[in-house]
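Peer 1: Can you look at this prediction? I've put the sequence above it.
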Amino acid sequence: EAAQYDAYARHSRVVAHLEQHAGALVRVTQRLDVLVGIDEHEVDLLGEVLRRELRQGSARIADHRADHVRDVAFGPIPFGDGDEVGIAVEREQARAFSVAQSGRPGPVVLALPEDVLSGTADTVAAPMSQPISAHPDPDAIKRLGEMLHAAERPLVIAGGPGWDAGLVDRFVAFAERWSLPVSCAFRAQDRFPNTHANYAGDAGLGINPALADAIRNSDLVIALGARLGDCTTSGYTLFDAPVPRQTLVHIHPEPDELGHVFQPALPVAASVGAFLDAAEGLEAPRDPVWAKWTAERNAAYRGWTDEATAMPGTFNLGEAIIWLRENLPGDAILTNGAGNYAAWLHRFYRHRRYRTQVAPTSGSMGYGLPAAVAAKLAEPGRPVVALAGDGCLQMTIQELGTVAQERLGIIVLVVNNSMYGTIRMHQEMHYPGR
């Protein structure tokens with residue numbers, strides 16, 4: 001269910017109104033946990049033990065202490081009796097939805113005692129919470145302009161949440177105005193059209209070695225909206241920690257993310273939209289010295305992806321992905337789970353529009369099929385193709401029942417190598433000969 005909620009929320013904002021009715025939803029469904037999604041954000045109402053047992057050491061579903069799950073979980077909520085219960089639920093629910101949408105958006109857990117879930121109380125629907133958006137310091141934007149003018153080998157890594165189609169168009173215009181090469185973060189390849197002359201490829205698993213070298217040798221890296229996590233940084237090897245060799249500008253809506261692993265020369269706490277608003281006032285050079293560098297980055301990407309590499313056997317997965325690239329319309333949605341098979345998809349497919357890639361950044365096996373179901377429900381007029389390994393598919397194969405019940409016209413491509421390929425790879429790498 002989590003994969004379906006996530007994928008559906010990415011393609012539809014219809015569920016946003018549930019924020020005002022989440023408490024009622026729990027009471028109506030009588031479920032011990034209810035997930036409510038807003039865009040890419042979730043609030044999980046999690047059932048707990050009875051109120052009187054919270055401090056008696058009873059076995060609990062999870063540890064929700066703030067020092068155990070920092071800035072993610074609330075709870076248990078301090079409940080009283082009668083109307084105090086409704087007030088507490090509404091208060092913490094409103095806070096949860098605000099936090100879920102602000103800074104680095106993500107899931108929030110509300111731990112609700114079991115007797116609260118089955119009880120009744122008078123409540124007042126809270127108004128729709130608004131996300132708290134960070135905006136850049138004008139001095140920081142001015143300094144960024146100075147850094148760009150002084151650079152010779154700049155490069156942008158774009159990713160993270162908070163995008164929409166309009167922001168992608170504005171970002172493309174920004175990259176064109178400055179002639180900047182753009183790489184996309186792990187499984188964020190639809191943040192910039194892969195057919196664009198400024199596109200340098202994706203910084204993810206199985207990264208193009210030429211792109212990895214370019215990031216290491218860049219004299220100015222601008223991370224826009226992206227977390228510089230292990231997959232985007234090739235296991236934290238593309239930058240030195242804590243202080244990178246490259247001049248690093250990190251723009252992210254969550255202040256705590258800035259400097260979390262790599263210390264940026266210029267940290268900017270801002271959403272993608274707020275940054276693009278501020279950056280419009282910067283004057284780009286007419287003939288940037290890095291124009292050739294940008295063209296070389298795109299040429300390296302084309303050389304890495306234009307043609308499939310040779311593979312043993314009669315079937316070449318790279319050629320199959322290239323066929324999809326050349327025959328699917330630009331608005332087709334592609335989903336996948338976790339597995340080595342996804343490396344061919346990420347390398348050879350070219351996303352041309354925003355929200356055409358739906359994939360887990362948490363390494364969740366089985367994500368692709370339920371994500372495809374949700375994407376088709378949200379966008380019934382668009383082609384939806386799910387890629388899955390044979391092991392990956394079996395994690396959620398029961399969702400084929402939903403496909404049949406709802407008569408969903410999705411395509412599922414199963415890459416069957418008769419094994420858990422990624423696990424086998426690590427076994428061979430770390431324990432050869434066994």
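Peer 2: Arrived safely.
Peer 1: can you map out the strands along the stretch 101-250 of the chain?
Peer 2: Here the stretch 101-250 of the chain has its strands, by DSSP state E, counting those that start in this stretch, at 108-113, 154-158, 182-184, 199-202, 220-224, 247-252.
Peer 1: okay, the ones you listed in JSON lines with distance to residue 120 next?
Peer 2: Placement of C-beta: from N, CA and C, glycine included. As requested, the strands of the stretch 101-250 of the chain are exported to JSON lines (distance: least, Cβ to Cβ, whole Å):
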{"stretch": "strand 108-113", "distance to residue 120": "14"}
{"stretch": "strand 154-158", "distance to residue 120": "48"}
{"stretch": "strand 182-184", "distance to residue 120": "49"}
{"stretch": "strand 199-202", "distance to residue 120": "51"}
{"stretch": "strand 220-224", "distance to residue 120": "48"}
{"stretch": "strand 247-252", "distance to residue 120": "42"}
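Peer 1: Pick out the shakiest of those strands, pLDDT-wise.
Peer 2: For these, the weakest mean pLDDT is recorded on strand 108-113, namely a mean of 72.
Peer 1: Can you list the low-confidence ranges for the stretch 51-200 of the chain?
Peer 2: Applying pLDDT under 70 to the stretch 51-200 of the chain flags the ranges 51-88, 123-126.
Peer 1: Where do the helices of it begin and end?
Peer 2: For the stretch 51-200 of the chain, applying DSSP state H, counting those that start in this stretch gives helices covering 83-101, 114-117, 138-150, 165-178.
Peer 1: can I get the ones you listed in CSV with distance to residue 184 and mean neighbour count?
Peer 2: Formatted as CSV, the helices of the stretch 51-200 of the chain follow (distance: least, Cβ to Cβ, whole Å; neighbours: other Cβ atoms under 10 Å):
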stretch, distance to residue 184, mean neighbour count
helix 83-101, 23, 20
helix 114-117, 42, 19
helix 138-150, 20, 15
helix 165-178, 11, 17
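Peer 1: which stretch among those helices comes nearest residue 383?
Peer 2: Residue 383 lies closest to helix 165-178 among these, at 17.7 Å (Cβ to Cβ).
Peer 1: what is the orientation angle of the closest one with helix 138-150?
Peer 2: Per axes from the mean of the first three to the mean of the last three Cα atoms, to 10 degrees, the angle that helix 165-178 makes with helix 138-150 is 50 degrees.
Peer 1: Helix 165-178 versus strand 220-224: what angle between them?
Peer 2: If you take the same axes, to 10 degrees, helix 165-178 sits at 170 degrees to strand 220-224.
Peer 1: now helix 165-178, how far from the chain's geometric center?
Peer 2: Remark: helix 165-178 is offset 19 Å from the chain centroid, using Cα atoms, centre = their mean, to the nearest Å.
Peer 1: what do you get for stretch 156-171?
Peer 2: Offset of stretch 156-171 from its chain centre (Cα atoms, centre = their mean): 12 Å.
Peer 1: and if you look at stretch 172-181?
Peer 2: Its chain's C-alpha centre and that of stretch 172-181 lie 23 Å apart, by Cα atoms, centre = their mean.
Peer 1: Kindly report the same for stretch 403-413.
Peer 2: In terms of Cα atoms, centre = their mean, the gap separating the centre of stretch 403-413 from the centre of its chain is 24 Å.
Peer 1: Let me have the helices of the stretch 51-200 of the chain in CSV, adding distance to residue 247 as columns.
Peer 2: Formatted as CSV, the helices of the stretch 51-200 of the chain follow (distance: least, Cβ to Cβ, whole Å):
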stretch, distance to residue 247
helix 83-101, 32
helix 114-117, 52
helix 138-150, 6
helix 165-178, 16
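Peer 1: Any idea which of those gets closest to residue 157?
Peer 2: For those, the distance to residue 157 is smallest for helix 165-178, at 12.0 Å, taking Cβ to Cβ.
Peer 1: helices or strands next to the closest one in the packing?
Peer 2: With contacts defined as 3 or more Cβ pairs under 8 Å, 6 or more residues apart in numbering; DSSP states H and E, the packing partners of helix 165-178 are strand 154-158, helix 272-279.
Peer 1: Contacts for it next, please.
Peer 2: With contacts defined as Cβ atoms under 8 Å, 6 or more residues apart in numbering, helix 165-178 is touched by 148, 154, 156, 158, 180, 182, 190-193, 196, 198, 224, 272-273, 276, 279-280, 284, 288, 353-355.
Peer 1: Make a markdown table out of the strands of the stretch 101-250 of the chain and add distance to residue 398 and mean neighbour count.
Peer 2: Shown next, in a markdown table, are those (distance: least, Cβ to Cβ, whole Å; neighbours: other Cβ under 10 Å):
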| stretch | distance to residue 398 | mean neighbour count |
| --- | --- | --- |
| strand 108-113 | 25 | 24 |
| strand 154-158 | 36 | 26 |
| strand 182-184 | 32 | 28 |
| strand 199-202 | 31 | 27 |
| strand 220-224 | 39 | 27 |
| strand 247-252 | 37 | 24 |
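Peer 1: So for residue 297, which of those strands sits nearest?
Peer 2: In terms of Cβ to Cβ, the element of the strands of the stretch 101-250 of the chain nearest to residue 297 is strand 199-202, at 3.9 Å.
Peer 1: Pull up the pairing partners for the closest one, direction included.
Peer 2: As defined by DSSP bridges, the strand partners of strand 199-202 come to strand 182-184 (parallel).
Peer 1: now the strand it pairs with, how far from the chain's geometric center?
Peer 2: 15 Å.
Peer 1: Ok, stretch 148-158 next?
Peer 2: 24 Å.
Peer 1: Same check on stretch 101-115?
Peer 2: On the basis of Cα atoms, centre = their mean, stretch 101-115 sits 18 Å off its chain's mean C-alpha point.
Peer 1: Can I get that stretch in PDB, CA atoms only?
Peer 2: Extracted C-alpha coordinates of stretch 101-115, given in PDB (Å, rounded to 0.1, in the frame of the first residue of the first chain):
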ATOM      1  CA  GLN A 101       5.100  19.500   3.800                       C
ATOM      2  CA  SER A 102       7.900  21.900   5.000                       C
ATOM      3  CA  GLY A 103      11.700  21.900   4.700                       C
ATOM      4  CA  ARG A 104      12.700  18.400   3.500                       C
ATOM      5  CA  PRO A 105       9.200  17.000   3.000                       C
ATOM      6  CA  GLY A 106       8.600  13.500   4.300                       C
ATOM      7  CA  PRO A 107       6.500  11.100   6.400                       C
ATOM      8  CA  VAL A 108       5.300  12.000   9.900                       C
ATOM      9  CA  VAL A 109       4.000   9.500  12.400                       C
ATOM     10  CA  LEU A 110       1.200  10.200  14.900                       C
ATOM     11  CA  ALA A 111       1.100   7.500  17.600                       C
ATOM     12  CA  LEU A 112      -2.500   7.100  18.800                       C
ATOM     13  CA  PRO A 113      -3.500   4.900  21.700                       C
ATOM     14  CA  GLU A 114      -5.800   2.100  20.900                       C
ATOM     15  CA  ASP A 115      -8.700   3.400  23.100                       C
END
